[in-house]
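S.K.: Mind looking at a prediction? Sequence and model below.
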Amino acid sequence: MKTLEQLYNWFFLDTTCENTKIANSNKFLRVAPIEKLDHYKEIEIEESNFAFAEKDENWEIQYYHGLKKFLRIEKSDLPPIFIFDNHNHAIIFRYYIKNTNKLNNMSLIHIDQHSDCRENKHILQLNKRVNELDKIFKFWNEKCNVGNFIPPAIECWIINEQTQVRSLTSLKNLKIDKQQNYILDIDLDFCLDWTKVDKVDLESVILLKNKFDEIWKYTSWITIATSPYFLNQKLAKNILDTIFHFS
(Lines give C-alpha, C1' and ligand atoms only; values in the text may rest on other atoms or scores of the structure.)
Protein backbone atom coordinates (compact mmCIF):
# COMPACT_ATOMS: atom_id res chain seq x y z
CA MET A 1 0.00 0.00 0.00
CA LYS A 2 1.47 3.35 -1.05
CA THR A 3 1.67 6.28 1.33
CA LEU A 4 -0.10 9.57 0.66
CA GLU A 5 3.21 11.16 -0.32
CA GLN A 6 3.97 8.32 -2.74
CA LEU A 7 0.57 8.70 -4.40
CA TYR A 8 0.82 12.48 -4.61
CA ASN A 9 4.24 12.51 -6.23
CA TRP A 10 3.13 14.86 -9.00
CA PHE A 11 1.77 13.41 -12.21
CA PHE A 12 -0.51 14.19 -15.14
CA LEU A 13 -4.09 12.96 -15.48
CA ASP A 14 -4.97 11.89 -19.00
CA THR A 15 -7.82 13.30 -21.08
CA THR A 16 -10.34 10.71 -19.85
CA CYS A 17 -10.40 12.01 -16.27
CA GLU A 18 -13.64 13.70 -15.22
CA ASN A 19 -12.20 17.18 -14.63
CA THR A 20 -10.76 17.16 -18.17
CA LYS A 21 -13.90 15.72 -19.75
CA ILE A 22 -15.91 18.71 -18.50
CA ALA A 23 -14.37 20.71 -21.34
CA ASN A 24 -13.38 17.83 -23.65
CA SER A 25 -9.84 19.06 -23.27
CA ASN A 26 -6.97 17.49 -25.20
CA LYS A 27 -4.37 18.56 -22.62
CA PHE A 28 -3.32 16.66 -19.56
CA LEU A 29 -3.97 18.18 -16.15
CA ARG A 30 -1.28 18.24 -13.48
CA VAL A 31 -1.83 16.89 -9.96
CA ALA A 32 0.59 18.46 -7.50
CA PRO A 33 2.84 16.64 -5.03
CA ILE A 34 2.00 16.93 -1.33
CA GLU A 35 4.35 18.37 1.27
CA LYS A 36 4.05 17.39 4.93
CA LEU A 37 4.76 20.23 7.36
CA ASP A 38 4.26 21.15 11.00
CA HIS A 39 3.46 24.78 10.15
CA TYR A 40 1.60 26.83 7.56
CA LYS A 41 3.69 27.65 4.50
CA GLU A 42 2.60 30.15 1.89
CA ILE A 43 1.20 28.35 -1.12
CA GLU A 44 2.88 28.63 -4.51
CA ILE A 45 1.09 28.73 -7.86
CA GLU A 46 2.10 26.32 -10.62
CA GLU A 47 2.66 28.54 -13.66
CA SER A 48 3.95 25.98 -16.19
CA ASN A 49 1.03 23.52 -16.20
CA PHE A 50 -2.72 23.52 -15.67
CA ALA A 51 -4.94 21.96 -13.01
CA PHE A 52 -8.35 22.56 -14.58
CA ALA A 53 -10.05 23.14 -17.94
CA GLU A 54 -13.48 24.49 -18.80
CA LYS A 55 -15.27 26.03 -21.77
CA ASP A 56 -16.09 29.73 -21.65
CA GLU A 57 -19.26 31.45 -22.86
CA ASN A 58 -17.95 31.16 -26.44
CA TRP A 59 -17.36 27.41 -26.00
CA GLU A 60 -13.62 27.87 -26.19
CA ILE A 61 -11.53 25.84 -23.75
CA GLN A 62 -9.84 27.85 -21.04
CA TYR A 63 -7.10 26.46 -18.80
CA TYR A 64 -6.48 27.32 -15.17
CA HIS A 65 -3.34 27.13 -13.06
CA GLY A 66 -3.41 25.31 -9.72
CA LEU A 67 -0.96 24.88 -6.87
CA LYS A 68 2.69 23.92 -7.19
CA LYS A 69 2.39 21.79 -4.02
CA PHE A 70 -0.43 20.63 -1.80
CA LEU A 71 0.14 21.15 1.91
CA ARG A 72 -0.43 18.57 4.64
CA ILE A 73 -0.07 20.33 7.99
CA GLU A 74 0.20 18.16 11.07
CA LYS A 75 0.99 19.81 14.39
CA SER A 76 0.22 18.64 17.92
CA ASP A 77 -2.11 21.52 18.81
CA LEU A 78 -4.02 21.49 15.50
CA PRO A 79 -6.18 18.96 13.66
CA PRO A 80 -4.62 17.70 10.39
CA ILE A 81 -5.07 20.32 7.67
CA PHE A 82 -4.90 19.70 3.92
CA ILE A 83 -4.67 22.56 1.40
CA PHE A 84 -5.05 21.73 -2.32
CA ASP A 85 -6.57 23.07 -5.54
CA ASN A 86 -9.39 20.99 -7.13
CA HIS A 87 -12.00 20.15 -4.53
CA ASN A 88 -12.42 16.46 -5.43
CA HIS A 89 -9.08 15.70 -3.73
CA ALA A 90 -10.78 16.35 -0.37
CA ILE A 91 -12.33 12.88 -0.24
CA ILE A 92 -8.96 11.17 -0.64
CA PHE A 93 -7.59 13.04 2.34
CA ARG A 94 -10.76 12.34 4.36
CA TYR A 95 -10.50 8.64 3.73
CA TYR A 96 -6.83 8.67 4.67
CA ILE A 97 -7.41 10.38 8.03
CA LYS A 98 -10.55 8.41 8.82
CA ASN A 99 -8.86 5.10 8.06
CA THR A 100 -5.61 5.99 9.81
CA ASN A 101 -7.34 7.15 12.99
CA LYS A 102 -10.21 4.62 12.91
CA LEU A 103 -12.83 7.40 13.07
CA ASN A 104 -16.54 6.70 12.64
CA ASN A 105 -19.75 8.70 12.26
CA MET A 106 -18.10 11.66 10.57
CA SER A 107 -20.22 14.75 9.89
CA LEU A 108 -19.15 17.08 7.10
CA ILE A 109 -19.40 20.87 7.37
CA HIS A 110 -19.19 21.95 3.73
CA ILE A 111 -18.56 25.70 3.38
CA ASP A 112 -18.81 26.43 -0.32
CA GLN A 113 -20.68 28.48 -2.93
CA HIS A 114 -21.65 25.12 -4.52
CA SER A 115 -23.10 21.89 -3.17
CA ASP A 116 -20.71 19.59 -5.12
CA CYS A 117 -23.53 17.03 -5.05
CA ARG A 118 -24.36 16.62 -8.72
CA GLU A 119 -25.15 13.13 -9.92
CA ASN A 120 -22.17 10.82 -10.32
CA LYS A 121 -22.97 7.68 -12.28
CA HIS A 122 -19.74 5.93 -11.36
CA ILE A 123 -20.00 3.44 -8.50
CA LEU A 124 -17.22 2.39 -6.15
CA GLN A 125 -17.35 -0.66 -3.89
CA LEU A 126 -15.16 -0.56 -0.79
CA ASN A 127 -14.18 -3.12 1.81
CA LYS A 128 -14.44 -1.62 5.30
CA ARG A 129 -11.91 -4.10 6.64
CA VAL A 130 -9.15 -3.22 4.18
CA ASN A 131 -7.17 -0.03 3.59
CA GLU A 132 -8.02 0.84 -0.01
CA LEU A 133 -6.33 4.22 -0.31
CA ASP A 134 -4.90 3.36 -3.75
CA LYS A 135 -8.41 2.55 -5.00
CA ILE A 136 -9.86 5.74 -3.49
CA PHE A 137 -7.04 7.78 -5.02
CA LYS A 138 -7.68 6.43 -8.51
CA PHE A 139 -11.47 6.78 -8.31
CA TRP A 140 -11.63 10.38 -7.03
CA ASN A 141 -8.96 11.53 -9.46
CA GLU A 142 -10.41 9.84 -12.54
CA LYS A 143 -14.15 9.31 -11.94
CA CYS A 144 -15.12 12.44 -10.01
CA ASN A 145 -15.05 16.13 -10.84
CA VAL A 146 -15.29 19.25 -8.70
CA GLY A 147 -19.09 19.23 -8.90
CA ASN A 148 -19.97 15.61 -8.09
CA PHE A 149 -17.42 14.19 -5.65
CA ILE A 150 -19.57 14.14 -2.49
CA PRO A 151 -22.34 11.61 -3.42
CA PRO A 152 -19.92 8.67 -3.91
CA ALA A 153 -18.31 9.47 -0.54
CA ILE A 154 -21.70 9.19 1.17
CA GLU A 155 -22.48 5.96 -0.69
CA CYS A 156 -19.10 4.58 0.43
CA TRP A 157 -19.69 5.62 4.08
CA ILE A 158 -16.64 7.94 4.09
CA ILE A 159 -19.11 10.66 5.12
CA ASN A 160 -22.12 9.89 7.31
CA GLU A 161 -23.95 13.20 7.02
CA GLN A 162 -23.34 16.72 5.80
CA THR A 163 -24.23 20.32 6.59
CA GLN A 164 -24.19 22.57 3.54
CA VAL A 165 -23.11 26.15 4.25
CA ARG A 166 -23.66 28.12 1.05
CA SER A 167 -24.32 31.69 2.19
CA LEU A 168 -23.24 34.29 4.73
CA THR A 169 -26.50 33.80 6.59
CA SER A 170 -26.05 30.05 6.92
CA LEU A 171 -22.44 30.53 8.05
CA LYS A 172 -23.50 33.11 10.66
CA ASN A 173 -26.15 30.68 11.95
CA LEU A 174 -23.91 27.60 11.94
CA LYS A 175 -24.04 25.76 15.27
CA ILE A 176 -22.11 22.63 16.09
CA ASP A 177 -22.49 19.80 18.55
CA LYS A 178 -19.21 19.71 20.45
CA GLN A 179 -19.65 15.97 21.03
CA GLN A 180 -19.74 15.16 17.30
CA ASN A 181 -16.82 14.25 15.01
CA TYR A 182 -16.64 16.95 12.35
CA ILE A 183 -14.77 17.40 9.11
CA LEU A 184 -14.43 21.10 8.35
CA ASP A 185 -14.31 21.55 4.58
CA ILE A 186 -13.80 24.99 3.04
CA ASP A 187 -13.85 26.00 -0.59
CA LEU A 188 -12.24 29.43 -0.79
CA ASP A 189 -14.60 30.43 -3.60
CA PHE A 190 -17.04 31.04 -0.74
CA CYS A 191 -15.26 34.40 -0.40
CA LEU A 192 -15.66 35.37 -4.04
CA ASP A 193 -17.61 38.50 -4.94
CA TRP A 194 -19.72 37.21 -7.83
CA THR A 195 -20.69 40.72 -8.91
CA LYS A 196 -17.10 41.73 -9.69
CA VAL A 197 -14.42 39.94 -11.69
CA ASP A 198 -11.45 38.72 -9.64
CA LYS A 199 -12.63 40.34 -6.40
CA VAL A 200 -13.30 38.85 -3.00
CA ASP A 201 -16.10 39.83 -0.67
CA LEU A 202 -14.44 41.26 2.43
CA GLU A 203 -17.41 40.46 4.67
CA SER A 204 -17.16 36.80 3.66
CA VAL A 205 -13.43 36.72 4.42
CA ILE A 206 -13.90 38.26 7.88
CA LEU A 207 -16.84 36.01 8.75
CA LEU A 208 -15.01 32.91 7.54
CA LYS A 209 -11.97 33.80 9.64
CA ASN A 210 -14.10 34.37 12.75
CA LYS A 211 -16.10 31.18 12.28
CA PHE A 212 -12.94 29.21 11.61
CA ASP A 213 -11.40 30.49 14.85
CA GLU A 214 -14.58 29.47 16.64
CA ILE A 215 -14.97 25.89 15.45
CA TRP A 216 -11.62 24.50 14.27
CA LYS A 217 -10.82 23.08 17.72
CA TYR A 218 -13.93 20.87 17.52
CA THR A 219 -13.00 19.29 14.20
CA SER A 220 -11.14 16.05 13.53
CA TRP A 221 -9.49 17.43 10.41
CA ILE A 222 -9.75 20.28 7.91
CA THR A 223 -9.70 20.35 4.11
CA ILE A 224 -9.31 23.60 2.14
CA ALA A 225 -9.70 23.88 -1.65
CA THR A 226 -8.41 26.84 -3.66
CA SER A 227 -10.70 26.07 -6.66
CA PRO A 228 -8.72 27.24 -9.72
CA TYR A 229 -11.75 27.46 -12.02
CA PHE A 230 -13.79 29.76 -9.80
CA LEU A 231 -11.08 31.68 -7.97
CA ASN A 232 -7.91 33.31 -9.25
CA GLN A 233 -5.16 31.49 -7.37
CA LYS A 234 -3.42 34.71 -6.38
CA LEU A 235 -6.64 35.73 -4.63
CA ALA A 236 -6.86 32.29 -3.04
CA LYS A 237 -3.32 32.69 -1.78
CA ASN A 238 -4.17 36.09 -0.29
CA ILE A 239 -7.24 34.67 1.47
CA LEU A 240 -5.21 31.82 2.94
CA ASP A 241 -2.39 34.09 4.03
CA THR A 242 -4.91 36.43 5.65
CA ILE A 243 -7.11 33.90 7.42
CA PHE A 244 -5.01 30.85 8.22
CA HIS A 245 -1.94 31.95 10.11
CA PHE A 246 -0.69 28.62 11.44
CA SER A 247 2.70 28.67 13.15
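M.R.: Sure, I can see it. Residues are numbered from 1 along each chain as shown.
S.K.: And for L231, nearest residue in space, chain neighbours not counted?
M.R.: Distance criterion Cβ to Cβ, 6 or more residues apart in numbering; nearest residue to L231, sequence neighbours excluded, is D189 at 4.7 Å. For glycine as for every other residue, the C-beta is placed from the backbone atoms N, C-alpha and C.
S.K.: is it true that that neighbour touches D112?
M.R.: Yes: counting by Cβ atoms under 8 Å, D189 does reach D112; the two are 7.0 Å apart.
S.K.: Quick one: low-confidence residue ranges for this structure.
M.R.: Applying pLDDT under 70 to the chain flags residues 1, 23, 244-247.
S.K.: residue ranges for the strands of it, please.
M.R.: Using DSSP state E, the strands of the chain run over 11-13, 29-31, 34-37, 52-55, 61-64, 70-73, 81-84, 106-111, 161-165, 181-187, 219-225.
S.K.: Give the residue farthest from the middle of this structure.
M.R.: No residue in the chain sits farther from the centre than N58, which is 28.3 Å out by Cα atoms, centre = their mean.
S.K.: Skipping its backbone neighbours, what lies nearest L7 in space?
M.R.: L7 sits nearest to F137 (Cβ to Cβ, 6+ apart), 5.0 Å away.
S.K.: Surely that neighbour touches I92?
M.R.: Yes: contact criterion Cβ under 8 Å: F137 and I92 qualify, at 5.5 Å.
S.K.: who has more neighbours, the two?
M.R.: I92 (25 against 20; other Cβ atoms under 10 Å).
S.K.: ok, the more buried one - contacts?
M.R.: Applying Cβ atoms under 8 Å, 6 or more residues apart in numbering to I92 gives the contacts L7, L133, I136, F137, W140, N141.
S.K.: closest to G147 among those residues?
M.R.: Set against G147, the nearest of the contacts of I92 by Cβ to Cβ is W140 (13.0 Å).
S.K.: Present the strands of the chain as CSV; the columns should include mean neighbour count and distance to L231.
M.R.: Shown next, in CSV, are these (neighbours: other Cβ atoms under 10 Å; distance: least, Cβ to Cβ, whole Å):
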stretch, mean neighbour count, distance to L231
strand 11-13, 15, 20
strand 29-31, 24, 17
strand 34-37, 16, 20
strand 52-55, 19, 11
strand 61-64, 16, 9
strand 70-73, 22, 16
strand 81-84, 25, 13
strand 106-111, 21, 14
strand 161-165, 16, 17
strand 181-187, 23, 8
strand 219-225, 23, 9
